Structure formats: C-alpha cells, structure tokens
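A.B. asks: Curious how this folds, go ahead:
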Amino acid sequence: MADSGRIKYLRIALVVVGLIFVVGIYPLTIVWPSGWSWHTGHSDYLQMILGVYATLGIFLLVASRNPLANLSLIWFTVWSSVVHAGIMAAQSVANPEHMGHLWGDVLALFVVAGVLASLTPRGAAARLAGS
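C.D. replies: Reported below is the predicted structural model:
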C-alpha cells in the first residue's frame, strides 16, 4: 500500500479507536459485562480504567490530524495494548470466571494493536512520509 493510502487509513483507524476509547468502552461493560467488566457492582477499577482510556482516546483523536507527528503516541498505544491484553489473557486463563474476556476486551486490544501497527509507517518510510 502506498504511504499516502496508509496514512489515510491510519487517520481513520485513529479516529475509530479514539472514539471507542472515549465513548464506547463503558456501554460495552453494560451490554456484555462478562467480556468487558472485571468487577461487578460499583468498581473503582472500572472508573479508573475508563478515565485512562478516555484520555488516551482524546489524544488519539488529536493525533489523527497528523499521525506522523505523533508516532510515539501511536506506538505507545500499540505496545501498551499488547501488554495489557497479554496480562488480561493470562488472568482470564488462570481464572475461569474471566474466560469471557478472551473474546471481549483481550481480543479487542490485540485487534487495536494489530491495526495500528500495520498502518503505522516505520523507519525510513516514516521519515520520508514526514518530510
């Protein structure tokens, strides 16, 4: 794929992921709690994680305007998603009551990481596209 097309799709992906992080995660915890919510009832953890992801989502929306100027944020999103999903996957396997997460938030974070990583230019391509 040409770099211009790649950047176009990266911008779209950043907007989609940003919006999901800002407004989509909470409704998913209501609709499918066994796949998205790690605690039942009131959860300080849920409030914290929603705040962190909403903040990241806002920054991804801003980054969508000029992705090449925000490569470190995009790569942070990729690698933190991989690490977060990996930890949650291990916890899901170790605790059978959390197996639904393998098909919910764990899979979603691996998809986010894969999409952003595949669309983000690397090395010389990133330097050339940014000049």
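A.B. asks: list the buried ones in stretch 36-43?
C.D. replies: Buried residues in stretch 36-43, counted by 16 or more other CB atoms under 10 Å: Trp36, Ser37, Trp38. C-beta here means a position set from N, CA and C on the backbone, and glycine is covered the same way.
A.B. asks: from what I can see the second one touches Ser43, true?
C.D. replies: Looking back up the chat, that one is Ser37. Yes - between Ser37 and Ser43 there is a contact at 7.3 Å, judged by CB atoms under 8 Å.
A.B. asks: Any idea how far stretch 36-44 is from the middle of the chain?
C.D. replies: Put simply, stretch 36-44 sits 20 Å off its chain's centre (CA atoms, centre = their mean, to the nearest Å).
A.B. asks: can you give me the end-to-end distance of that stretch?
C.D. replies: 15 Å (CA to CA, to the nearest Å).
A.B. asks: Check stretch 91-100 too.
C.D. replies: Its first and final residues considered, stretch 91-100 spans 11 Å by CA to CA.
A.B. asks: Now it: average pLDDT?
C.D. replies: What stretch 91-100 shows for mean pLDDT is 89.
A.B. asks: Would you indicate which residues of it are buried?
C.D. replies: In terms of neighbour count (16+ other CB under 10 Å), stretch 91-100 has its buried residues at Ser92, His98, Gly100.
A.B. asks: Could you point out the longest helix of this structure?
C.D. replies: helix 71-94 (DSSP state H).
A.B. asks: for that one, packing partners?
C.D. replies: On a contact count with 3 or more CB pairs under 8 Å, 6 or more residues apart in numbering; DSSP states H and E, helix 71-94 meets helix 3-19, helix 44-63, helix 105-119.
A.B. asks: And for that helix, what's in contact with it?
C.D. replies: With contacts defined as CB atoms under 8 Å, 6 or more residues apart in numbering, helix 71-94 is touched by 10, 14, 17, 56, 59-60, 63, 67, 98-102, 105-107, 109-110, 112-113, 116-117, 120-121, 126.
A.B. asks: now swap in stretch 57-66 and tell me
C.D. replies: By CB under 8 Å, 6+ apart, the list of residues contacting stretch 57-66 reads 11-12, 14-15, 17-23, 69-70, 73-74, 77.
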